[in-house]
Structure formats: structure tokens, C-alpha cells
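Student: sharing a model that was predicted from the sequence below.
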Amino acid sequence: MKMLGRSWGAAFACFLVGLVWAVGMARGDVMAVQPDGKIVVLGQVWPEAGALARLNPDGSVDRGFGDRGFVIDHRLPGFRAVGLTPGGRIVGAAVGGFNLARYLPDGTPDPSFAAGGVGGTDEPDQEHSLEHGPGPSAMVIRPDGGIVVAGSHPLDNGDPGSHPLAEGVPTEKWVRRYDSVGSLLETVGGIAVSPGAQLELTDLLEAPDRSLIGAGFTYNYDGRQLDEPILARFVPGSGSAFDPAFGGGAGLVRPDFPRSHHLANHFRAIAADGDGFLAAGRAMGTFLLARFDWDGGLDPGFGEGGFVAPPIEGPPRALSEKRRSWAEDLALMPDGDILVGGRTSQWGRRVKDSSGAHCFGCEQPMLARFDGSGHLDPSFGAAGLLRLRRPDGDILKASVEQVVPLPNGKFLVTGPLKEFAKFAFFVARLNGDGSYDRSFGDGGLVTPRFPCREHPQAFHRFEPGCLPSLRVAMHLRRAHSRHPVLTLRAGHSFDWAGINALAVTLPESMRLSPRFEGKVRVAGAPEVDSVRAAVAKPGERGPVLFLEGLGNADEVRLRLGAGAIVVPDPRNQPSRPVFKVWAEFNDARWGIWAGYGRVTRRVG
């Protein structure tokens, strides 16, 4: 999407924009625009799975895609990047390594990719969650359909309780190249960091010579170094970690941009720009935009000595300790202008809710438009800057993660909404001056509702078809004796799920004997970490038997033999006592929490 030179004419630029769309996006992002104008976007669901949606050009959900507009693929954990192949097929890159899937235009899995399965490189020892899992931060789909992925992979420091990125990233895990059917071709390169340091590659760009330029930042946890922007060049087939000739022989380019107190500097996105490339991120607590030649040298004719960092200032009443802005993406418009999107907390303020202090509007979408020489465009927003609000004027608590220009001078932006315990995102279409295109969605903005987007633990409810349902069969022998025998079989509805914990609440007329553990038999579970009991909590009928660490069992069979359960007075025992069964589910492949289920059974 970002291959236009500043000096090219607008008409020729529009033609090239359409041509690039026809062969797919230049880098994997959270949104991809098809040649017919339809928009493919990433989502996040519970339990975690690869999630896609497609919108029509007017912003409505395309009901002909996947299942009524959505693809929820439980073969993979969550996606971090999406892109289009030259043939119009959709590629998603998931966490837990570099898991890849490809879909036909209608959203069905592509049978010619990885033999109809999942391609790329899975790393079973790594966490497979979007919050902490290592995986792709950028993806390039090459003209031949090959896929290049950059991302993170934490070192194993032997401490399972440490932060997954606290000890840096091994060299060989940074950039990988795959063929058009998802098979690994080579590890293109990587960057070694010292223990206690972190390095993130946040974007990847294919240069005209087919080398790959990565942008990101380094951070040192020992307190002696703040975030520092970094650029590197990787050459496929060279066998080297990175190109030592890049940056005038330095190999790694570490621009020394000015700082503001303790605020970090970094790069978040890059885009080709004629005879060089642009990089956007943060410096001095505000948007950073810099221009480089293909060898990594700053362009002194751009901005102020190669970069620009315009001040972004909100009202005095905003939160003083968090007044800063971040650029997350950039794109070249058909007329050669540069559009940068991200987020700002300059307008943040605190209000209180039922849980206490709550940050309201701390991060809001921010856009800036520059001309080709790095100066703000005064016709855009307010003197070149635009804090995006909802079409009705209300605050939009969100971030712009991607900007996509359209041939008619309009552009799309997308990013996550900051909603408590919900996974939601917005897509907006704006005119060239930053105003909403009212013909798109609801006044210019849509917030597609993915199925299974609400965290069930936060809302204590289930969305049908999202979480595994608990299936329980129980039998109580000698129900009216002093020592009845209980047998229970617990299963579930989804083939990708497993039971990790089970709890049985006994009727209030029963209790567990002091030596009940010797009378408990468990079958079907690969392992049982612990068997314990707890007294009834308010609202529970009787004592609770807990079985934990069941190894994501497909079915658990439990038997409480004679002597495990004690009925103090069988005469007060109801004819059919009531038991409650609770189960915690995991995704059996990834070990990710996948919800819980409860059933009540009256047995006798």
C-alpha cells in the first residue's frame, strides 16, 4: 500500500494505488482492503481463536463471508496480522510462533495451503495467547505469494514466573520466510540482544532490491536505557543475521532523536516512499515521522534535519502525568501527502465509577497529515492534527492502529476500542480533510460485533455457541444409606476443549468424611494435581469437592466410593438430592483458559 514517490503525479499515483491493491497489501496489518472495496479486519474472541470479519464497501457486514460475515477458526490461536495474496486470498498470522492460515475469498480454509491445514511454524512451548504469546508483529506477502513474517520470541530463562519478554529474544527467531503454501524456507535474520534487554520489530518492508527492512525499538530492563528506535536490513539467502552494510556500515541504525525527560522514543511503522522510506513512532512524547534513504541515512531535506515531531497539546485540565502521544501507522495518500495515525492521552481525564478511579478517555485516536516535505497540512483537521471523536461528537476511547488510503482521496482507519472486558474495534472512513464520510456505516464509523467478544468471566454470562457446554451424567447408589456411592461422568461439546478443573457441590444433607481422599477415584484425566474439599460458601448447598490440574481431559469419570460421603441422618435425606457440577475448560492444544460450565442434577 505504501510505494508512492513524493514527486509522482496524482493521477499516476492513483493508478499505482489500485495496482498495489490488486496484488495484496505490502505488509500484514489488522485490516486489508480487497480490489472490490470490501474490507477484511481482524478480531478477538473468547475463547481465543483466529478471528476475521469482512465489511462491504458501505461498512455493513458482508453476510456472504464465512459464517454470516465472520470466520472463527479454532485451529489457531488469535491472529496478529492479516494480508492479501496476489490472487485475492486472505492470510492470517497467529501467535504461538508464526502460525499461518490462508482462506478463499468466501472465508473457507484454502485446501491448497498446508494441505488444507495450518502452515508456518508453531512453537508448542510458547504461550498461545494474544496478551502474552510470542508471534508475528509484521507480515509481508511477496508477489509470488510467499510470506515473510517478523515477530518476537522470548528466551527461556528458566523462570516460569518471569515476564515472557523480560530476557530478550534469540537471534534465530526474528524473521522467517515461507513459500506460498506455508512451508518454512529459511530464517532470514535476526538481532541478538543482551540479557535483561528487549527488542521488538514492529514493522517490516520489502525494498526494491527485495531485501527486507525492519523497524522497531530496544529496551533495557536494568534501568540504564530507555526505548531506543532501531532499523535493520535483512537479506534473504545471505545467511547473516542482518546486513552489516546497512546504515553506512553500522548494520543497525539507531537514530538519536531528542528526548523529553524520561519519555521513550521508538519506531512503530515504516512505508516505502519513492527513493527511500518513512518511519513513524514516538519522540519527545509526540508523533515522530522520519525519512531515510534505502541505505538507512536520514534525508536532511525532510522536516528538520530528516525528521519532524510536531507538538500535540491538550487542555490544561487533562491528566498531567500521562500527556503524551504515539504514532502507530503511516500511509502515503494518492497526492503524495503522508497520513500518520495513532493515539493520544493529551485529553485524558479521570472520573470515578463503581470500582473507584477510572481513566476516562485517556487514550483517544489521533491523526496527523503532512505534505511530502514533512510539514503539517493546514487543510486537515486543526492545522494538520485531528483528534478523532465519534460522529455525534462524543469521545472515542480507541487507538488508530492502521491507516489505508483510498484512490478517491478518502481513507480508512481502524483500531481497538477501549471497552471493559470486551474485544471490539472500529472502522471509520474519512474524507481528505479529516471529516467523516457520512455514507459509510453509521455516520462514517462502524463497530462490527464479533460473536463471542465479551469476556465471560467479567460478565458472568455465556454467549451461545462460544464456550464449551458441560455435559454431566450422575448416579447415586444407596441414596438413603449413611454412606452412599456417587459416580459422575463429565464431558463437553467442543473437540478442541479440555477439562482442567472440576468441582462438585454436595447437597446440604451430606458432608465429606475426614478420609474422603482415599475413597476418590478419577479416570480419564491424564493427571490430577490435587483433590481437596472446601466448606460451602454463601449460596452453595453443601461442601465442595475440587479436582484440579486434570490435564485438559476430554472426559472425566469420578467415583466417590463407600465412606467418602457421609449422611448424618438418612431420614432427612431428600428422595432425589441435588448436586451442582462446575468445570473449568481450556483450549486443549494451547492451554489457554476457555471458560467454564455449570449444571445442576437431581439424582437418586
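Tutor: Good, I have the coordinates. Numbers count the residues shown, from 1 in each chain.
Student: who are the neighbours in contact with residue 245?
Tutor: For residue 245, the contacting residues are 251, 295, by Cβ atoms under 8 Å, 6 or more residues apart in numbering. For glycine as for every other residue, the C-beta is placed from the backbone atoms N, C-alpha and C.
Student: how near is it to residue 405?
Tutor: From residue 245 across to residue 405, the span is 33 Å (Cβ to Cβ, to the nearest Å).
Student: with residue 125 instead?
Tutor: From residue 125 to residue 405 the distance is 41 Å (Cβ to Cβ).
Student: of these two, who's got more company?
Tutor: Each of residue 125 and residue 405 had its neighbours counted (other Cβ atoms under 10 Å), and the higher figure belongs to residue 405 (24 against 8).
Student: quick one, grab the pLDDT at that one.
Tutor: Residue 405 is assigned 97 on the pLDDT scale.
Student: again, but for residue 274
Tutor: pLDDT, residue 274: 87.
Student: now residue 192
Tutor: pLDDT at residue 192 comes out at 74.
Student: and the one 3 residues further on, by the same measure?
Tutor: Confidence per residue is given as pLDDT, and for residue 195 that number is 66.
Student: for the one 10 residues further on, same thing?
Tutor: What the model reports for residue 205 is a pLDDT of 94.
Student: with the one 3 residues further on instead?
Tutor: Listed pLDDT for residue 208 reads 94.
Student: tell me the contacts of it?
Tutor: 272, 294 are the contacts of residue 208 under Cβ under 8 Å, 6+ apart.
Student: gap between it and residue 86?
Tutor: Residue 208 is 18 Å from residue 86, by Cβ to Cβ.
Student: then residue 77?
Tutor: 27 Å.
Student: give the contact list for residue 522.
Tutor: Residue 522 touches 528, 531, 547, 550, 556, 557, 558, 559, counting by Cβ under 8 Å, 6+ apart.
Student: going by distance to residue 502, which of the residues you listed wins?
Tutor: Proximity of the contacts of residue 522 to residue 502, judged by Cβ to Cβ, is greatest for residue 547, which lies at 4.5 Å.
Student: for that closest one, identify the helix or strand it belongs to.
Tutor: Residue 547 belongs to strand 544-553 when elements are defined using DSSP states H and E.
Student: parallel or antiparallel, list what pairs with that strand.
Tutor: Sheet partners assigned to strand 544-553 using DSSP bridges are listed as strand 497-505 (antiparallel), strand 530-534 (antiparallel).
Student: might one say that residue 578 is in contact with residue 600?
Tutor: Yes - with contact defined as Cβ atoms under 8 Å, residue 578 reaches residue 600; the gap is 6.3 Å.
Student: got the contacts of residue 522 as JSON lines, with distance to residue 309 and pLDDT columns?
Tutor: Below are the contacts of residue 522 laid out as JSON lines (distance: Cβ to Cβ, whole Å; pLDDT from 0 to 100):
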{"residue": "528", "distance to residue 309": "58", "pLDDT": "90"}
{"residue": "531", "distance to residue 309": "60", "pLDDT": "91"}
{"residue": "547", "distance to residue 309": "57", "pLDDT": "95"}
{"residue": "550", "distance to residue 309": "54", "pLDDT": "94"}
{"residue": "556", "distance to residue 309": "58", "pLDDT": "96"}
{"residue": "557", "distance to residue 309": "64", "pLDDT": "97"}
{"residue": "558", "distance to residue 309": "63", "pLDDT": "96"}
{"residue": "559", "distance to residue 309": "68", "pLDDT": "96"}
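Student: got CSV for those, with distance to residue 299 too?
Tutor: Below are the contacts of residue 522 laid out as CSV (distance: Cβ to Cβ, whole Å):
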residue, distance to residue 299
528, 64
531, 67
547, 64
550, 60
556, 64
557, 69
558, 69
559, 75
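Student: so which of the residues you listed is the closest to residue 197?
Tutor: In terms of Cβ to Cβ, no member of these lies closer to residue 197 than residue 550, at 38.6 Å.
Student: now the closest one: how far from residue 487?
Tutor: Taking Cβ to Cβ, one finds residue 550 at 17 Å from residue 487.
Student: more crowded one of these two?
Tutor: For residue 550 versus residue 487, the count of surrounding residues by other Cβ under 10 Å is larger for residue 550: 23 against 16.
Student: I'd assumed residue 527 was in contact with that one.
Tutor: Yes - with contact defined as Cβ under 8 Å, residue 550 reaches residue 527; the gap is 7.1 Å.
Student: residue 543 touches residue 512, doesn't it?
Tutor: Yes - using Cβ under 8 Å, residue 543 is in contact with residue 512, at 5.4 Å.
Student: can you confirm residue 272 is in a strand?
Tutor: Yes - counting by DSSP: H, G, I helix; E, B strand; the rest coil, residue 272 is part of a strand.
Student: tell me the bridge partners for it.
Tutor: Here residue 272, judged by DSSP bridges, has bridge partners residue 3, residue 277.
Student: residues near it, how many?
Tutor: Counted with other Cβ under 10 Å, the neighbours of residue 272 add up to 22.
Student: correct me, but it touches residue 205?
Tutor: Yes - Residue 272 is within contact range of residue 205, at 6.1 Å (criterion: Cβ under 8 Å).
Student: what is the rounded mean pLDDT of stretch 289-296?
Tutor: 97.
Student: over to stretch 501-519?
Tutor: 92.
Student: which stretches in the protein count as helices?
Tutor: Taking DSSP state H as the test, the helices found in the chain are 10-22, 456-459.
Student: all strands for the stretch 301-450 of the chain, in order.
Tutor: 307-308, 325-332, 338-344, 349-353, 356-360, 364-370, 385-387, 402-405, 411-416, 425-430, 445-446 (DSSP state E, counting those that start in this stretch).
Student: tell me the confidence at residue 351?
Tutor: pLDDT, read off for residue 351, is 55.
Student: lowest-pLDDT helix or strand in this protein?
Tutor: The helix or strand of the chain with the poorest confidence is helix 10-22; it has a mean of 29 (mean pLDDT, DSSP states H and E).
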